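Engineer: Sequence and predicted model, in that order:
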Amino acid sequence: MFEEITQKFETLFKKIRGQARITESNIAETMREIRRVLLEADVNYKVVKDFTEKVQQKALGQEVLRSITPGQMLIKIIYDELVSLMGSARADIKFSSNPPTVIMVVGLQGSGKTTFCAKLANHLKHKGRHPLLVAADVHRPAAIEQLRQLGEQIQVPVFPTNSGIDYTESSFDAIQIALNSVDFARKNYRDVVIVDTAGRMHIDEEMMREVEKIKEALKPHEILFVVDSMTGQEAVNVAKEFNDRLNFDGVVLTKLDGDARGGAALSIKAVVNKPIKFVSVGEKLDALEPFYPDRMASRILGMGDIITLVEKAQRQVDEEKAKKLEEKLKKNQFTLEDFRDQIREIRRMGPLKEILSMIPGVGSAIRNVDIDEKELVKIEAIINSMTPEERRKPNIINASRKRRIALGSGTTVQDVNRLLKQFEEMQKLLKQLNRGKFKNFKIF
């Protein structure tokens with residue numbers, strides 16, 4: 001996510017920190033560099049102009065020029081303005097005090113709109129809500145079937161496919177589906193209705209008229225515009241057209257795990273003056289994150305995002321299991337079974353490289369490192385091929401057992417030896433830590 005722009009900012013910051021003092025001339029030079037970095041990231045040129053002017057104006061203040069660490073002050077100004085550019089604070093969904101809350105989802109075909117609807121339902125379900133998905137794209141039967149399958153995966157009902165109503169009836173149009181879904185939600189105690197509307201490959205008048213009619217009839221509490229972040233500057237142009245017609249409430253950026261240069265994320269709030277509410281960071285249905293401008297600015301500038309990392313860990317960690325693991329660590333009873341369980345929890349958090357990049361200072365260090373997640377799969381396979389006794393007492397694993405384990409896991413004896421050696425080193429480290437250093441130790 002934003003690797004290219006992050007790398008360029010890191011190089012620029014090294015240069016800024018290396019300055020003995022900040023002057024008007026090197027501030028002007030820094031602004032030229034920032035302008036180039038942002039334009040290459042496909043940020044709207046007007047947004048770039050306003051951003052650099054604001055940074056330069058604040059950087060020329062006497063408190064910066066006379067500061068003991070002017071380089072750090074200038075970096076802080078860039079960070080603050082970047083946060084402001086993307087919205088300053090987290091903008092959440094506005095829920096109705098009189099359920100159900102109706103959320104209308106709009107966007108072009110191929111932007112990830114239908115998948116986002118399921119991701120949002122899954123996200124809200126884990127927050128204690130009871131969502132209903134609504135397939136209102138009657139022009140593309142595949143969209144209805146796609147939403148039905150996604151709903152099955154997350155165990156969320158889809159209207160009208162789970163209602164006994166034949167949505168293929170010619171008289172049953174998108175507006176009628178949307179209106180009937182609200183009645184269905186009330187009768188079935190569903191407190192959030194997520195309506196997936198029709199999209200096209202490009203904006204056309206027929207599509208815009210239909211979504212306008214749905215908005216007028218449905219009167220949704222929230223309209224979310226979904227846009228593919230990989231389309232860069234074009235994403236901003238499409239957002240502007242949708243906003244002019246619908247006056248939507250928030251933006252969802254999808255495919256941020258791809259080769260996104262960052263232009264859409266940095267431009268869209270300034271151009272349409274609507275907050276980014278969610279970002280999609282993967283294909284899995286739990287790969288959806290609320291958008292925090294300060295955290296995203298920190299990631300873009302190569303400063304990591306430790307808060308999101310901790311939140312990801314907390315979502316995966318079972319508190320009861322964590323307490324038991326803590327006791328095992330204190331008593332030097334950490335086994336290969338516990339090790340396997342920890343690997344599984346790490347893998348559920350998302351791609352390993354993305355997780356590590358959230359740790360301040362680590363992102364740049366691993367940028368060119370090829371992290372092969374298959375190694376984790378291999379480790380898990382080796383441990384699974386062991387008997388329960390071998391997992392608890394790896395010291396009993398002799399040569400013949402190693403051959404059996406390697407054969408059962410599809411690996412080599414060398415792979416088994418490497419794992420056992422690594423685990424032995426880990427146990428030694430844990431014993432050292434346990435000598436008076438676990439007093440304040442907590443698992444998330």
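Structural biologist: Noted; the coordinates are in hand.

Engineer: in the stretch 201-350 of the chain, which spans are strands?
Structural biologist: 222-228, 250-254, 276-280, 288-290 (DSSP state E, counting those that start in this stretch).

Engineer: quick one: which of these is nearest residue 206?
Structural biologist: Proximity to residue 206, assessed across the strands of the stretch 201-350 of the chain by C-beta to C-beta, is greatest for strand 222-228 (18.2 Å). Where you see a C-beta, it was placed from the backbone N, CA and C, and this is true even at glycine.

Engineer: So what touches that closest one?
Structural biologist: Applying C-beta atoms under 8 Å, 6 or more residues apart in numbering, the external contacts of strand 222-228 come out as 93-94, 101-108, 110-113, 116, 120, 215, 235, 238-239, 242-243, 246-255, 264, 268, 274, 277-278.

Engineer: wait, what's in contact with residue 34?
Structural biologist: By C-beta under 8 Å, 6+ apart, the contact set of residue 34 is 12, 51, 52, 55, 78.

Engineer: And the furthest pair within the residues you listed?
Structural biologist: Top of the distance list for these (C-beta to C-beta): 12 and 51, 14.0 Å.

Engineer: about what we covered before: want to try a markdown table for the contacts of residue 34, with pLDDT as columns?
Structural biologist: Output for the contacts of residue 34, formatted as a markdown table (pLDDT from 0 to 100):
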| residue | pLDDT |
| --- | --- |
| 12 | 82 |
| 51 | 91 |
| 52 | 91 |
| 55 | 89 |
| 78 | 86 |
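
Engineer: can you redo the residues you listed as JSON lines with distance to residue 295?
Structural biologist: Converted to JSON lines, the contacts of residue 34 look like this (distance: C-beta to C-beta, whole Å):
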{"residue": "12", "distance to residue 295": "21"}
{"residue": "51", "distance to residue 295": "19"}
{"residue": "52", "distance to residue 295": "23"}
{"residue": "55", "distance to residue 295": "20"}
{"residue": "78", "distance to residue 295": "16"}
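
Engineer: Helices - which of the contacts of strand 222-228 land there?
Structural biologist: 113, 116, 120, 215, 235, 238, 239, 242, 243, 246, 264, 268 (DSSP state H).

Engineer: among those residues, who's most crowded?
Structural biologist: Of all the ones in helices among the contacts of strand 222-228, residue 264 has the most neighbours under the rule other C-beta atoms under 10 Å, reaching 31 neighbours.

Engineer: Could you check the pLDDT of that residue?
Structural biologist: Looking at residue 264, its pLDDT reads 76.

Engineer: now it: how far from residue 179?
Structural biologist: Per C-beta to C-beta, to the nearest Å, residue 264 is found 33 Å from residue 179.

Engineer: just to revisit the earlier point, let me know which of the strands of the stretch 201-350 of the chain is tucked in deepest.
Structural biologist: strand 250-254 (a mean of 26; mean count of other C-beta atoms under 10 Å).

Engineer: related to what we said a few turns ago, among the ones in helices among the contacts of strand 222-228, show me the least confident.
Structural biologist: residue 264 (76).

Engineer: ok, it - contacts?
Structural biologist: With C-beta under 8 Å, 6+ apart, residue 264 has these contacts: 42, 227, 229, 231, 232, 233, 235, 236, 253.

Engineer: Report the distance from the regular element (helix or strand) spanning residue 79 to the chain centre.
Structural biologist: Counting by DSSP states H and E, the element that carries residue 79 is helix 70-85. Helix 70-85 has its C-alpha centroid displaced from the chain centroid by 24 Å (C-alpha atoms, centre = their mean, to the nearest Å).

Engineer: burial count for residue 192?
Structural biologist: 26.

Engineer: And for the closest residue to it other than its chain neighbours, the neighbour number?
Structural biologist: Spatial nearest neighbour of residue 192, excluding adjacent residues (C-beta to C-beta, 6 or more residues apart in numbering): residue 131 at 4.3 Å. Residues near residue 131, counting by other C-beta under 10 Å, number 27.

Engineer: what's near enough to touch residue 131?
Structural biologist: Counting by C-beta under 8 Å, 6+ apart, residue 131 has contacts 120, 121, 124, 125, 156, 190, 191, 192, 193, 194.

Engineer: buried stuff in the host helix or strand of the fourth one?
Structural biologist: If I follow you right, that is residue 125. If you go by DSSP H and E, residue 125 is part of helix 113-126. Buried positions in helix 113-126, judged by neighbour count with 16 or more other C-beta atoms under 10 Å: 113, 114, 115, 116, 117, 118, 119, 120, 121, 122, 123, 124.

Engineer: ok, of the ones in helices among the contacts of strand 222-228, which one's closest to residue 16?
Structural biologist: Closest to residue 16, out of all of the ones in helices among the contacts of strand 222-228 and judged by C-beta to C-beta, is residue 264, at 26.3 Å.

Engineer: So the closest one versus residue 290, what's the distance?
Structural biologist: Where residue 290 is concerned, residue 264 sits at a distance of 17 Å (C-beta to C-beta).

Engineer: Give me the below-cutoff pLDDT ranges for the stretch 1-150 of the chain.
Structural biologist: Scanning the stretch 1-150 of the chain for pLDDT under 70 picks out 1-2, 18-22, 62-70.

Engineer: Show me the strands in it, by range?
Structural biologist: Counting by DSSP E, counting those that start in this stretch, the stretch 1-150 of the chain has strands at residues 101-107, 131-135.

Engineer: So for residue 396, which of the ones you listed sits nearest?
Structural biologist: With C-beta to C-beta as the measure, strand 131-135 is the member of those nearest residue 396 (50.6 Å).

Engineer: Which residues are in contact with the nearest residue to residue 280 once chain neighbours are set aside?
Structural biologist: In space, and not counting its chain neighbours, residue 280 is closest to residue 254: 4.1 Å by C-beta to C-beta, 6+ apart. Shown in contact with residue 254 (C-beta under 8 Å, 6+ apart): 111, 112, 115, 116, 226, 227, 228, 229, 279, 280.

Engineer: Recalculate using a threshold of 7 Å.
Structural biologist: Residue 254 makes contact with 111, 112, 116, 226, 228, 229, 280, according to C-beta atoms under 7 Å, 6 or more residues apart in numbering.

Engineer: Out of the residues you listed, flag the one nearest to residue 84.
Structural biologist: residue 229 (20.0 Å).

Engineer: Check whether that closest one really touches residue 238, as I assumed.
Structural biologist: No. Using C-beta atoms under 7 Å as the test, residue 229 is too far from residue 238 to be in contact (11.7 Å).

Engineer: Contacts for the longest helix seen in the chain, please.
Structural biologist: For the chain, the longest helix by residue count, based on DSSP H, is helix 413-434. With C-beta under 7 Å, 6+ apart as the test, helix 413-434 has contacts from 329-330, 332, 334, 336, 339, 378-379, 382, 394, 397, 402-403, 405-406.

Engineer: What residues of it count as buried?
Structural biologist: 415, 416, 418, 419, 420, 423, 430.
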